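Participant: from the sequence below, what's the structure:
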Amino acid sequence: MKRFPNFLYLLVWLPFFGAAQEGIPVYFDYLSDNYYLVHPSMAGIGEGGKIRLTARKQWFSVEEAPNMQTLNAHYRIPQTRSGLGVILFNDANGYHAQTGMKFTYAHHLPFGDDIRILNQLSFGLSPTILQSSLDETEFRSVVPDPAVTGSRISATYFNVDLGMSYSYMEFYAHATILNLLESRRELYRIGRADPNNVPVIDNLRRYLFSVGYIFGKSSLRLEPSVLLQMTEFTREKTIDVNAKVYKDTGFGTLWGGLSYRRSFDGAQYLTGGEFGEQRLQLFTPIIGVNVNRFMFSYNYSYQSGDIRLDNGGFHQITLGYDFGPTRENRYDCFCPAANY
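Facilitator: Residues are numbered from 1 along each chain as shown. A predicted model of the protein is given here:
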């Protein structure tokens, strides 16, 4: 099967991927106790650390369909208020691909004298190095197109993420700015016959806001949460409404939940001579288990609506390991992000 041109992905999936997006796309892996992947202020949030490996694959029936892998680790420097983290990622989508690395420094300000009470304000900064590539070797045209180089080109970018979090026992709130700096996308200007005619997109800034609370002190607990995402250049807005349930067992903790993502903006389409409008709607069930210090989770995202590239969904798995203090030194709350 031939690879789909990237403009086809753009037309069908613009609300989901974002035409000007660089860096790690915000999917649903943050629900796997993986908030550091999207909020730099979560690096070293507790007296220990976490390692998370994720793999995501879309549309198994489509060759060169989007796929992404991430590996991240973060921890609190012992006897300090500082956290460190690193994220490696690889994201491929048709003819486009990007690989990168984020380094994170976070600082945590505790309130109160009781070390068993989680009451903390956190700040995080993540410098990012990213290489973006575009493979045009398969582009063919009877008439030479000056906008196509016919080769594989790449460009390297630098940017910064900035975040802030507040944690009080089972309550948490996060605010993050991704791609804080304006970064000129030279990838689409390299090798062009007239690069001055290529539109300049230098504002890739995105804003994330999330809040949640974990109810219940027994072996059964409920965690509702919300994540709002806004893209400055395209003015796109989406919201995730999430609910997770935790159940303690003899061998560990089982948990599962459901996420619903909806865009505030719709895309118009023409079918049967009539115009319609469709807004992005994604339903994502997620299941997971924690055994000792190990974690495994799986989620599946399904898009509803009349316009879809493929009937298949998006599969993602996450593997994790937590390291840190013994149970006697943990916070006196059910707060998975901080208790290891």
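Participant: all helices of the stretch 1-150 of the chain, in order?
Facilitator: Secondary structure of the stretch 1-150 of the chain, counting by DSSP state H, counting those that start in this stretch: helices at 6-17.
Participant: below-threshold pLDDT in it: ranges please.
Facilitator: Applying pLDDT under 70 to the stretch 1-150 of the chain picks out residues 1-21, 59-64, 138, 140-150.
Participant: kindly recompute the last result at 80.
Facilitator: Scanning the stretch 1-150 of the chain for pLDDT under 80 picks out 1-23, 58-66, 93-95, 135-150.
Participant: same check on the stretch 201-340 of the chain?
Facilitator: 201-203, 265-279, 303-313, 324-329, 340.
Participant: that one: helices as residue ranges?
Facilitator: Using DSSP H, counting those that start in this stretch, helices in the stretch 201-340 of the chain do not occur.
Participant: which residue ranges form the strands in it?
Facilitator: 206-213, 220-231, 236-248, 253-271, 274-291, 294-303, 314-323 (DSSP state E, counting those that start in this stretch).
Participant: any chance of those in CSV, with distance to His108 and mean neighbour count too?
Facilitator: Just so you know, the C-beta spots here come from the backbone N, C-alpha and C atoms, and that holds for glycine as well. Output for these, formatted as CSV (distance: least, Cβ to Cβ, whole Å; neighbours: other Cβ atoms under 10 Å):
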stretch, distance to His108, mean neighbour count
strand 206-213, 18, 18
strand 220-231, 21, 17
strand 236-248, 24, 17
strand 253-271, 25, 16
strand 274-291, 23, 16
strand 294-303, 22, 18
strand 314-323, 18, 18
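Participant: tell me which of these sits nearest to Asp29.
Facilitator: Asp29 sits nearest to strand 314-323 of all the strands of the stretch 201-340 of the chain, at 5.7 Å, using Cβ to Cβ.
Participant: now what about that closest one, what contacts it?
Facilitator: In this structure, residues lying in contact with strand 314-323 by Cβ atoms under 8 Å, 6 or more residues apart in numbering are 27-29, 32-34, 48-60, 75, 288, 293-302, 340.
Participant: go with 6 Å
Facilitator: If you take Cβ atoms under 6 Å, 6 or more residues apart in numbering as the criterion, strand 314-323 is touched by 29, 32, 48-58, 293-301, 340.
Participant: then stretch 27-41?
Facilitator: When contacts are defined by Cβ under 6 Å, 6+ apart, stretch 27-41 is touched by residues 26, 42-43, 52, 54, 72, 74, 85, 104, 106, 122-124, 126, 161, 163-165, 174, 176, 208, 259, 284, 286, 297, 299, 318, 336-337.
Participant: about what we covered before: now distance to Asp113 too, for the strands of the stretch 201-340 of the chain, in TSV please.
Facilitator: TSV is the format used below for those (distance: least, Cβ to Cβ, whole Å):
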stretch	distance to Asp113
strand 206-213	24
strand 220-231	27
strand 236-248	29
strand 253-271	30
strand 274-291	30
strand 294-303	32
strand 314-323	26
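Participant: between those, which gets nearest to Phe139?
Facilitator: That would be strand 253-271 among the strands of the stretch 201-340 of the chain, by Cβ to Cβ, at 25.5 Å.
Participant: circling back: buried subset of the contacts of stretch 27-41, written for ChimeraX?
Facilitator: Buried members of the contacts of stretch 27-41, defined by 16 or more other Cβ atoms under 10 Å, are picked up in ChimeraX with:
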select :26,42,43,52,54,72,74,85,104,106,122,124,126,161,163,164,165,174,176,208,259,284,286,297,299,318,336,337
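Participant: can you list contacts of stretch 286-293?
Facilitator: With contacts defined as Cβ under 6 Å, 6+ apart, stretch 286-293 is touched by 31, 251-257, 296-299, 321-322.
Participant: before we move on, the earlier item: quick one: closest of the strands of the stretch 201-340 of the chain to Ala97.
Facilitator: Of all the strands of the stretch 201-340 of the chain, strand 314-323 comes closest under Cβ to Cβ, at 17.8 Å.
Participant: run me through the strand neighbours of the closest one, direction for each.
Facilitator: Partners of strand 314-323 in the sheet, by DSSP bridges, are strand 49-58 (antiparallel), strand 294-303 (antiparallel).
Participant: now it against strand 274-291, angle please.
Facilitator: Relative orientation of strand 314-323 versus strand 274-291 (axes from the mean of the first three to the mean of the last three Cα atoms, to 10 degrees): 30 degrees.
Participant: got the CA positions of strand 314-323 in PDB?
Facilitator: The C-alpha trace of strand 314-323 is given here as PDB (Å, rounded to 0.1, in the frame of the first residue of the first chain):
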ATOM      1  CA  PHE A 314      -5.300   4.000  18.300                       C
ATOM      2  CA  HIS A 315      -3.500   1.500  20.600                       C
ATOM      3  CA  GLN A 316      -1.100   2.500  23.300                       C
ATOM      4  CA  ILE A 317       0.800   0.600  26.000                       C
ATOM      5  CA  THR A 318       2.800   2.000  28.900                       C
ATOM      6  CA  LEU A 319       5.400   0.200  31.100                       C
ATOM      7  CA  GLY A 320       6.600   1.700  34.300                       C
ATOM      8  CA  TYR A 321       8.800   1.300  37.300                       C
ATOM      9  CA  ASP A 322       8.800   3.400  40.500                       C
ATOM     10  CA  PHE A 323      11.700   3.800  42.800                       C
END
